[in-house]
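K.L.:
Provide a 3D model corresponding to the input given below.
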Amino acid sequence: MKVSIFTLIIASIALFVTNYRVCATPQSGLPIGFVGGCEIDLNADGNLDLALLLNTAEGYELVVMMRMGENIKSYVVTSANSKTFLTCHYGKELKATIAGKGKREHGETYQVNGAYLMLTQPESSAAAYFWSKDKFKEVWISD
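P.N.:
This is a model prediction of the structure:
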């Protein structure tokens with residue numbers, strides 16, 4: 001019986017939280033280890049999309065599978081070399097960090113369509129990713 005990786009991942013996500021699903025139990029594996037993920041509507045089209053943080057030979061990779069009608073389109077949103085954690089959020093705006101910006105009094109504010117992903121390195125930086133105009137936008141929110 002042939003089962004797709006997408007089906008296996010969906011079947012492994014067992015924790016239901018409000019209107020999205022989350023799983024953050026690290027799994028070791030070769031050549032890919034599952035670090036965390038969630039099912040959340042990132043592009044506000046009414047379909048739940050799948051965000052996965054994977055530990056690969058290249059490091060940590062944030063991969064998103066977006067449901068677009070009857071099709072699924074995948075994106076490698078970003079990669080990191082050091083340990084990283086994924087959390088999934090809802091909100092209306094994100095504020096960029098002012099760290100390293102010089103004399104700016106505040107960071108830029110970005111409008112979000114409702115859902116966004118955040119990658120955090122322990123005791124270090126955090127970046128948020130949200131869908132904007134047919135692509136993912138990166139906003140550093142702490143440094």
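
K.L.:
can you pull the buried residues of stretch 132-143?
P.N.:
Burial within stretch 132-143, assessed by neighbour count using 16 or more other Cβ atoms under 10 Å, is assigned to 136, 139, 141. For the C-beta atoms, the positions are set from N, CA and C on the backbone; glycine is no exception.

K.L.:
what lies in contact with it?
P.N.:
64, 75, 77-78, 94-97, 99-100, 108, 110, 113, 118, 125-131 (Cβ atoms under 8 Å, 6 or more residues apart in numbering).

K.L.:
any idea how far it is from the middle of the chain?
P.N.:
Relative to its chain's centre, stretch 132-143 lies at 11 Å (Cα atoms, centre = their mean, to the nearest Å).

K.L.:
before we move on, what about stretch 127-143?
P.N.:
The answer for stretch 127-143 is 10 Å, by Cα atoms, centre = their mean.

K.L.:
what's the nearest residue to residue 52 if we skip its chain neighbours?
P.N.:
Once flanking residues are discounted, residue 52 sits nearest to residue 37: 4.3 Å by Cβ to Cβ, 6 or more residues apart in numbering.

K.L.:
run through the bridge partners of the one you found.
P.N.:
residue 23, residue 52 (DSSP bridges).

K.L.:
that one reaches residue 61, doesn't it?
P.N.:
No - using Cβ atoms under 8 Å, residue 37 is not in contact with residue 61; the gap is 11.8 Å.

K.L.:
much appreciated, bye for now.
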